[in-house]
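Got a predicted model here, sequence first, then my questions.
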Amino acid sequence: MSIFNRRNVSLVLCLCLGLSVAAAAASNGEYRTWSDSTGKFALRAKLDAVRDGKAVLITEKGETRTIPIEKLSKADQDYIAEQNVDNPFKKEGNATTDSSADADESVQRGPRTVQVNWSQSEAVSLATGNDAWNVPLPEAPDAKFRPKSVPLEPKRDFFEDVTGVAVSRVAKMAVVGYAMKRREPATLRFVLCDIERGRVKNTIAMTGDNMMPMALSDDGERLLVRRNDFGFGNQGRLEIWIIKDGSFIKSLSWKPYDGDRGSSQDVRWAEFLDAKRLATSSAGGKIAIWDVVTGQPICHIQASHGSVPALSADRRLMAIVSDSTLGIFDVEKREMVASQKTPCALRSPVVAFSPSGKKIGCVATDRILVWDTAAGNLEKNFVPAGLAIHGAIDFPNEDFILANSRYLIELKNQLKLWHYRNTEFARTVQGTTFVVVSGRHQGGLLLAVKLPHSEALRTLEAALKQPNLFVFHKGTPVKLDVSGIPDPDERKKAEKALTEKLAAMDCRIDDSAPVTVVASIDGPKPRIVVYMHAGTHKVTEYFTRLKFVYEDQTLWETSHTNISRIIRLRPGDNIESYLRRASAKPNYQLYQSVAIPEFLQKPSKAKGRRGGDTIGASDLSVNGVE
């Protein structure tokens, strides 16, 4: 049994898709009785679409039937012809739809809802059982097209937030989503951007369920959106909307992981593979490939909780990292072509391919790992000490990782190079990073930028010429201070454990060393905690801390609390007795399990900067990178 302590966790997902647009469905979506040309057979259904001379019908049970039009009765053929008559009152394609009423009218015909059936989905194991690693490199993307930044209008309200960005380099378009959720229904705005010419093509506004953009098709005519409400299980519905005549037509709606519990229902990631298939992953780590027409899973792979995979630029390979395994999945063959054990247990691993596809990067809570795609060699495995990274990774350059959409890490020397501030939303697609910069009183910008920018590169070059760039590394002497642990027995245990960890890095204990390793306990402090489905409880909280200090500046710090936000109860136990035991003393396990950082760079002397931060920083604005 697991109990979750409430935390505000927002997840942002983005992707690329390729779908061909079918003919419009019947405008009223009515169910009627259909007959074949012989009059012997009949079916109660509604018309969903017309494709390649065939009628796609949806039964009242949600089943899809595709029938050649010439095999239908004359009355049914006439009915289909009436549904496809051109509308003389339709809007021009470039007109801006800027009223909620118009947009509501365009989406009032609800999407076809599909119930997911996993019984026919093929289960694929993440581990191949084969030690050989032979992965063909994915094809590098076409570099001829250079996306342009797009000016955006100001936010319309203080409470309006950016929800996401969907980008298609093939369609040369992007969609920026906004939502204002002060009242129900939510007020939504979707801005369609031409990233080839650097201009807004259209703005579509509406009210309804809070939905965010996830992906844009290769033809720029279909948008994948996801429900985006707060709370476990409230980000699990996907819909495909057709962009037509300056408005949306809702086509398909389904809940990919509706049978799972809690947060495992939520969709963390999705990419369209081609015109007929898409891939998704859940917060529970279940990765699946779907048939877009039927809305049913084709195959699935179970990774660990929080795992987010990545597609190569040519969409042939999928890199998947679980808590203990790295695997490469061939999308066409639907099989794992290579796998290996990870060097350590990983939590919530999120993956990205480099622009060339030659490297695979991973952020796993506070750790960065990089593998060579073709050979499978682990090239980097380190903690960028001082930065709280988790849950998001971009790979904008072969030699740099962008973590949390803001921290640029140089890989060769493991340098915390740059902090890009004021990023409301960022997503890297084939070497270009798209960042939304917006404001209430002035225009915003969908910034298309190559990272690192020139100033960061100049700063890196200068920093590498400095002596003693790292103040702590293997072989550095340190001072050990455990006086902040009040319990004598636990103080001795912590001192022994930390001394052994430092000795493994050839770091001797020296009371005159400039770097001090400080272990301490904060507390006790009374606190009120709230657990979902388990009520409110009084606890006594302690924080177990460890930090590295240089010239009175904290280089790196980590901590554990004795009050966990996730509680797993044993049979016969209850939450009151569990919290009573947990409140009795600090959690000293940190000193036994902590991973000592391999490198700590010299803290910046810049005004207002903390020692654990990056070498440089820039504000992103409507003028670009400042």
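Nice, thanks for sending it over. Since the model is a prediction, treat every value here as computed from it, not as a measurement.

Only C-alpha atoms from now on, for both contacts and neighbour counts.
Will do.

So which bits of the host helix or strand of residue 380 are buried?
In the assignment (DSSP states H and E), residue 380 maps to strand 378-382. For strand 378-382, a neighbour-count test (16 or more other CA atoms under 10 Å) marks 380, 381, 382 as buried.

Identify the residues contacting the last one.
In other words, residue 382. Residue 382 is in contact with 367, 368, 369, 414, 597, 598, counting by CA atoms under 8 Å, 6 or more residues apart in numbering.

quick one: average pLDDT of the lengthiest helix in the chain?
Longest helix in the chain by number of residues (criterion: DSSP state H): helix 488-503. Helix 488-503 carries an average pLDDT of 96.

Run through who's touching it.
By CA under 8 Å, 6+ apart, the list of residues contacting helix 488-503 from outside reads 480, 482, 483, 485, 508, 509, 588, 591, 592, 596.

contacting residues for the closest residue to the fifth one other than its chain neighbours?
Leaving aside its chain neighbours, residue 508 sits nearest to residue 477 (4.9 Å; criterion: CA to CA, 6 or more residues apart in numbering). Residue 477 makes contacts with 507, 508, 509, 510, 513, 515, as judged by CA under 8 Å, 6+ apart.

Show me what secondary structure element comes after the helix or strand of the chain with the lowest mean pLDDT.
In the chain, no helix or strand scores lower on mean pLDDT, DSSP states H and E than strand 15-16, which sits at a mean of 30. Reading on from strand 15-16 to the C-terminus, the next helix or strand found by DSSP H and E is strand 32-35.

Doesn't residue 385 lie inside a helix?
No - counting by DSSP: H, G, I helix; E, B strand; the rest coil, residue 385 falls outside a helix, being coil.

I figured residue 297 hits residue 288, correct?
Yes - the criterion here is CA atoms under 8 Å, and residue 297 meets it with residue 288 at 6.4 Å.

Helices along the stretch 351-500 of the chain, start to end?
454-464, 488-503 (DSSP state H, counting those that start in this stretch).

Looking at those, which is nearest to residue 119?
helix 488-503 (49.3 Å; CA to CA).

centre of the chain versus the closest one, how much separation?
38 Å (CA atoms, centre = their mean, to the nearest Å).

what are the C-alpha coordinates of that helix, in PDB please?
Extracted in PDB, the C-alpha atoms of helix 488-503 (Å, rounded to 0.1, in the frame of the first residue of the first chain):
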ATOM      1  CA  PRO A 488      27.600  10.700  19.700                       C
ATOM      2  CA  ASP A 489      27.000   7.200  18.300                       C
ATOM      3  CA  GLU A 490      25.500   8.400  15.100                       C
ATOM      4  CA  ARG A 491      28.300  11.100  14.800                       C
ATOM      5  CA  LYS A 492      30.900   8.300  14.900                       C
ATOM      6  CA  LYS A 493      29.000   6.200  12.300                       C
ATOM      7  CA  ALA A 494      28.700   9.200  10.000                       C
ATOM      8  CA  GLU A 495      32.400  10.100  10.400                       C
ATOM      9  CA  LYS A 496      33.400   6.500   9.600                       C
ATOM     10  CA  ALA A 497      31.200   6.300   6.500                       C
ATOM     11  CA  LEU A 498      32.200   9.600   5.000                       C
ATOM     12  CA  THR A 499      35.900   9.000   5.700                       C
ATOM     13  CA  GLU A 500      35.700   5.700   3.800                       C
ATOM     14  CA  LYS A 501      33.800   7.300   0.900                       C
ATOM     15  CA  LEU A 502      36.400  10.100   0.600                       C
ATOM     16  CA  ALA A 503      39.300   7.600   0.900                       C
END
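
Quick check: buried residues in it?
Those would be 491, 494, 495, 497, 498, 501, 502, for helix 488-503 by 16+ other CA under 10 Å.

how about those in CSV, adding distance to residue 46?
Conversion of those to CSV gives the following (distance: CA to CA, whole Å):
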residue, distance to residue 46
491, 73
494, 70
495, 73
497, 69
498, 69
501, 68
502, 70
